[in-house]
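Asker: Quick one: sequence and predicted model below, then my questions.
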Amino acid sequence: MRKWHLIITTCVVALVIYSCSTEKNTFISRAYHSTTAHYNGYFNANDLLKEAITNYRASLKEDYYNTLQLRPLPTEEEVKSLYTPIDTAIAKCTKVIQRHAMPSMDKPSQKKQEHNSWIDENWITIGVANYYRRDYSLALKNFEYAKRFFASDKSAFVAEMWMARTYIEEGKMTEAGFAIANLQKYADEAAGKTEKKKKTKSKKGKKEKEDGGKEPATFPKNLFYDFAITKALFFEEKKDDKEMIKSLDEALEHAKKSKDKARIHYILGQLHEKNGQRVEASEHYKKVLKYNAPFEMDFNARLKMALNGGGEKLKKDLNKLLRDTKNAEFKDQIYFTLALIAQNEGNEDKALENFTNSAFYSTSNKRQKGMAYEEMGDIYFTKKNYVKAQKYYDSCATNIPEDYPNYEGVKNKAEKLQALVIAVETAYYEDSVQRVAAMSESEREEFAEKLAKKIKEDNRIKKQQEAEKLLALQKQQQTKGDDPNGSKWYWNNTKAKTEGFEEFKRQWGQRTNENDWRRSDKIVFATFDENDKDSINKPTTEVEAPVDSLTAESLLADLPLTDSLLKISRDRMMSAYFDAGKIYQDQLNEQQLAESQFNTIISKPFESDYKLLAAYQIYRMYPATDAAAIAQKDYILTNYPTSDFAGYLRDPDYFLKKKERERQTEQEYLTDLDRYEKGMYYLVVTKSNNVIAEQKENPYRAKYYLLKARAQAKLNDDKTTLLPTLNELIAEYPGSPEATKAAEMKRIIEGGYSTNVAVDFTNKSIYKFVENEPMMVIIFLEEKVNISVAKSRVVDFNKEFFGRDRLNTSSKIYGEKTNIILVKEFPSETEAASYLSTYKRTKKHLLDLQKMKIIYISQDNLKLLFETQKLAEYELFFDEFY
């Protein structure tokens with residue numbers, strides 16, 4: 001009996017196995033392979049993909065300052081952490097297709113139909129996995145195969161929808177548009193929006209076409225939501241807000257999950273707000289609160305509602321949020337929103353107060369801190385308080401990341417206004433110390449004692465307020481729970497705070513808790529005028545010395561109490577006032593503020609060259625017939641009748657005529673130089689004496705002194721006869737190139753020379769002059785100058801001003817320790833002279849290098865210079881011939 005049971009069982013098992021073959025289209029085969037393909041492949045693979053993408057999006061820090069991405073996808077770098085689940089999903093579906101396709105995939109080209117009802121979904125899942133893996137070419141191959149092979153099934157629509165998404169990610173918007181348009185046609189048919197409607201419905205069943213054909217599948221209802229999202233992604237990429245709004249509205253009609261609805265409503269709110277539709281925006285933000293939105297989205301929706309016409313109730317709600325300890329890390333955003341509301345209501349003082357609080361509570365959100373600083377900068381800029389505006393723009397620039405939307409704009413404002421801040425604060429400081437210096441000694445001491453006491457008290461109050469605010473912030477964080485090691489938020493993590501504080505002290509030392517502590521170029525001034533409230537741009541008081549050790553003596557230490565110090569202080573003050581006026585006038589187009597600075601210069605009770613310049617600037621601001629212009633004209637003609645400006649006011653062609661006179665003067669000097677070359681020494685001495693005695697304003701007068709000395713050297717064997725001429729030149733033009741040459745000649749004469757060798761200060765030199773030979777430029781660096789930095793600056797200068805000349809820049813050592821920079825090569829002395837002229841009048845890139853000694857020299861003379869080390873002799877040669 002048992003034998004028969006064994007035989008029967010064996011036969012049944014064999015029959016079942018035979019019936020489950022992928023080559024037999026039987027009910028048992030289809031049931032077995034379809035079930036396996038459904039769960040072992042499609043279900044498990046999609047579960048892996050869903051978990052991976054969900055975890056990625058949950059860990060993603062979303063940018064609520066900009067419109068949220070509809071479907072955030074991992075970047076090239078981020079997707080690497082998702083390779084394991086994605087590749088596992090691909091492997092599962094691939095294995096299912098290989099083992100359970102009916103018939104098998106052994107000969108794909110011969111396969112005409114598919115009996116397994118879940119194989120198409122596995123093909124699409126492989127495509128989706130490659131889409132998330134950013135392998136778009138493989139994704140498209142899978143989607144295209146599914147669309148082509150399963151053309152009569154609903155899977156074809158799913159495949160084409162994913163093709164559209166893949167095209168969008170590849171930037172192929174035309175192909176994506178065609179795919180969406182094709183899907184839209186079938187979607188409209190399925191929704192009954194076309195005159196022709198399909199009278200038959202396809203079933204989810206066998207995928208092959210039966211004999212006689214099968215009606216194509218209709219657009220599946222469960223695909224309407226995903227298709228609407230796909231259209232929204234398309235218009236998101238095209239930055240077409242209007243069409244994106246339409247697509248998202250359509251998606252809302254088919255959305256089922258609460259989180260999906262919340263996200264769509266929030267993005268719709270952002271789009272409407274971006275386009276100025278505040279009412280619609282507020283409605284969508286309000287609907288976000290009804291759904292299961294993430295905490296940060298819910299929080300931001302409340303802020304946005306308040307900004308878009310939320311009314312007094314929402315303002316009260318925001319203040320409640322401030323008191324709620326779970327919102328402690330978002331206090332900066334709450335204060336910022338309250339500030340914007342106050343600004344919209346015209347309450348500027350309240351807005352500034354809330355912006356200040358926002359900046360204070362931005363402990364880790366640098367962007368939020370930067371936004372608060374920028375808003376305060378804009379407020380003061382609008383009020384024309386440019387000094388304070390620059391301070392806030394500068395603080396903003398030091399906090400914001402480079403991807404900040406207005407990064408370059410903020411940085412440019414801070415940099416352009418910095419010169420104004422320096423000028424205004426310098427003028428204010430110098431004006432203040434001069435007024436204090438003018439007091440009697442007892443008055444100065446009394447004033448300084450009161451000021452020191454006031455500064456200390458102000459500092460004590462400031463520290464107390466800072467401490468109270470910090471203590472309140474810490475208490476609020478502690479109520480959230482003080483996890484000693486594991487809290488993610490910094491202020492809750494005792495270990496992280498302690499380690500961070502110690503690391504800060506190791507790197508920076510003990511620092512005062514103040515803004516901009518890390519700025520090496522912070523401008524620090526001590527003001528001595530505690531009662532002056534009228535300055536339009538009064539700077540914030542800062543004291544360089546530690547406030548606790550501040551004394552009356554330290555405040556009075558640098559007062560300009562001597563005539564020489566007072567003159568220096570006055571010159572700095574007048575220069576600063578003039579610079580401020582020019583910046584107001586030329587860069588900010590603030591004529592009234594500029595005129596105020598210029599009038600301040602004119603009103604000072606001492607003489608200064610800047611008074612003439614200030615009066616002329618005011619004259620230029622008005623039409624010539626205006627009373628203000630006439631007043632300044634009379635002032636210039638009365639007080640500075642011999643100045644160039646007075647000459648111009650008398651004769652509009654004054655400068656043209658002056659230029660012509662200068663040209664004639666130059667030509668006369670060149671003629672006299674030619675006479676010297678021809679040996680007409682007596683005539684040269686006579687003309688030089690005439691210029692020296694009668695033409696004090698002649699721009700070539702110093703050169704005539706030197707020319708006279710050289711002519712005298714030719715006429716007299718006793719070279720000491722040159723000394724009076726050389727001494728006069730040195731005395732009248734100290735520091736000039738001519739005086740330097742005169743001093744060198746004087747040194748040679750007084751140092752003695754051989755009676756057997758005639759001393760010739762003219763053109764008898766070891767160096768040779770050849771017309772139009774190639775030249776190179778030498779820049780002699782001072783000992784303290786870093787050769788690498790200097791070379792880099794010269795290279796930058798060459799690139800900007802002589803980029804087409806392809807100059808070569810190198811560094812060498814002249815003598816024992818003098819660093820030089822060699823720039824070559826120039827076709828002739830004309831090009832070299834042009835380079836020298838541009839170099840001396842251009843400060844950009846060069847800075848202090850502009851003041852260094854610079855000459856040009858030929859290759860042969862350079863060799864002689866290095867061999868003989870006779871630089872002084874070459875300078876005389878250079879002056880005579882070049």
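Answerer: Nice, I can see it.
Asker: wait, doesn't Leu252 sit right on Arg263?
Answerer: No - look at Leu252 against Arg263 with CB atoms under 8 Å: they stay out of range, at 10.6 Å. Every residue, glycine included, has its C-beta placed from N, CA and C.
Asker: Where does Asn589 sit, in terms of helix or strand?
Answerer: Under DSSP states H and E, no helix or strand contains Asn589.
Asker: Tell me how far it lies from Gly192.
Answerer: Going from Asn589 to Gly192 by CB to CB, to the nearest Å gives 64 Å.
Asker: what do you get for Ser810?
Answerer: On the measure of CB to CB, Ser810 and Gly192 end up 81 Å apart.
Asker: quick one, which of the two is more surrounded?
Answerer: Neighbour totals were compared for Ser810 and Gly192, and Ser810 leads with 11 against 8 (other CB atoms under 10 Å).
Asker: and the strand or helix carrying His272, what's its mean pLDDT?
Answerer: Using DSSP H and E, the element containing His272 is helix 258-274. Averaged across helix 258-274, the pLDDT comes to 91.
Asker: Tell me where the model's unsure across this structure.
Answerer: Within the chain, the ranges that satisfy pLDDT under 70 run 1-26, 105-111, 115, 193-216, 309-311, 468-549, 752-765.
Asker: got the contact list for the residue nearest the centre of it?
Answerer: With distances taken as CA atoms, centre = their mean, Glu408 lies nearest the centre of the chain, 3.9 Å away. The contact partners of Glu408, by CB atoms under 8 Å, 6 or more residues apart in numbering, come to none.
Asker: With the one 3 residues further on instead?
Answerer: Residues in contact with Lys411, defined by CB under 8 Å, 6+ apart, are Ala397.
Asker: Make sure it is indeed in a strand.
Answerer: No - per DSSP: H, G, I helix; E, B strand; the rest coil, Lys411 lies outside any strand segment and is helix.
Asker: Okay, it and Asn589: tell me how far apart.
Answerer: Separation of Lys411 from Asn589 (CB to CB): 21 Å.
Asker: For Ala552, see how far away the residue nearest to the centre of the chain is.
Answerer: Taken as CB to CB, the span from Glu408 to Ala552 is 46 Å.
Asker: what do you get for Ala711?
Answerer: 64 Å.
Asker: And for Lys92?
Answerer: Taking CB to CB, one finds Lys92 at 84 Å from Ala552.
Asker: try Lys658
Answerer: Computed as CB to CB, the Lys658 to Ala552 distance reads 54 Å.
Asker: higher neighbour count, these two?
Answerer: Ala552 (17 against 14).
Asker: How many neighbouring residues does the residue lying closest to that one once chain neighbours are set aside have?
Answerer: Excluding the flanking residues, the one nearest Ala552 by CB to CB, 6 or more residues apart in numbering is Ala448, at 3.8 Å. Ala448 has 22 neighbouring residues, counting by other CB under 10 Å.
Asker: what about Ala448, which SS state?
Answerer: Ala448 is classified as helix under three-state DSSP.
Asker: That one contacts Asp558, doesn't it?
Answerer: No - Ala448 is beyond contact range of Asp558, at 11.8 Å (criterion: CB under 8 Å).
Asker: that older thread, separation between the residue nearest to Ala552 and Ala438?
Answerer: Applying CB to CB, the value for Ala448 to Ala438 is 14 Å.
Asker: Now the helix or strand containing Met574: buried residues?
Answerer: For Met574, the host element (DSSP H and E) is helix 563-582. Across helix 563-582, burial judged by 16 or more other CB atoms under 10 Å covers 566, 569-570, 573-582.
Asker: chain center to the helix or strand following that helix: distance?
Answerer: Counting by DSSP H and E, the element after helix 563-582 in chain order, helix or strand, is helix 591-603. Put simply, helix 591-603 sits 33 Å off its chain's centre (CA atoms, centre = their mean, to the nearest Å).
Asker: From the rest of the structure, what touches helix 591-603?
Answerer: With CB under 8 Å, 6+ apart, helix 591-603 has contacts from 384, 427, 536, 574, 577-578, 580-582, 584-585, 608, 610-611, 614-615, 617-618, 621, 635.
Asker: buried set for the longest strand along the chain?
Answerer: As assigned by DSSP state E, the longest strand anywhere in the chain is strand 818-826. Neighbour counts over strand 818-826 (16+ other CB under 10 Å) mark Asn819, Ile820, Ile821, Leu822, Val823, Lys824, Glu825, Phe826 as buried.
Asker: nearest to Lys719, of those residues?
Answerer: Minimum distance to Lys719 across the buried residues of strand 818-826 is 31.9 Å, recorded for Ile820 (CB to CB).
Asker: Not counting its neighbours along the chain, what's nearest Ala339?
Answerer: Nearest residue to Ala339, sequence neighbours excluded (CB to CB, 6+ apart): Asn354, at 3.5 Å.
Asker: Which residues are in contact with that neighbour?
Answerer: By CB under 8 Å, 6+ apart, the contact set of Asn354 is Tyr335, Phe336, Leu338, Ala339, Ala342.
Asker: Equivalent analysis for Tyr705, please.
Answerer: For Tyr705, the contact set (CB under 8 Å, 6+ apart) comprises Ser688, Ile692, Thr725, Leu726, Glu728, Leu729, Glu732, Tyr733, Glu738, Ala742.
Asker: Not counting its neighbours along the chain, what's nearest the third one?
Answerer: Spelled out, it's Thr725. With CB to CB, 6+ apart, the residue lying closest to Thr725 is Ala709, at 4.7 Å.
Asker: Next up, the contacts around the one you found.
Answerer: For Ala709, the contact set (CB under 8 Å, 6+ apart) comprises Leu722, Thr725, Leu726, Leu729, Ala742, Met745, Phe761.
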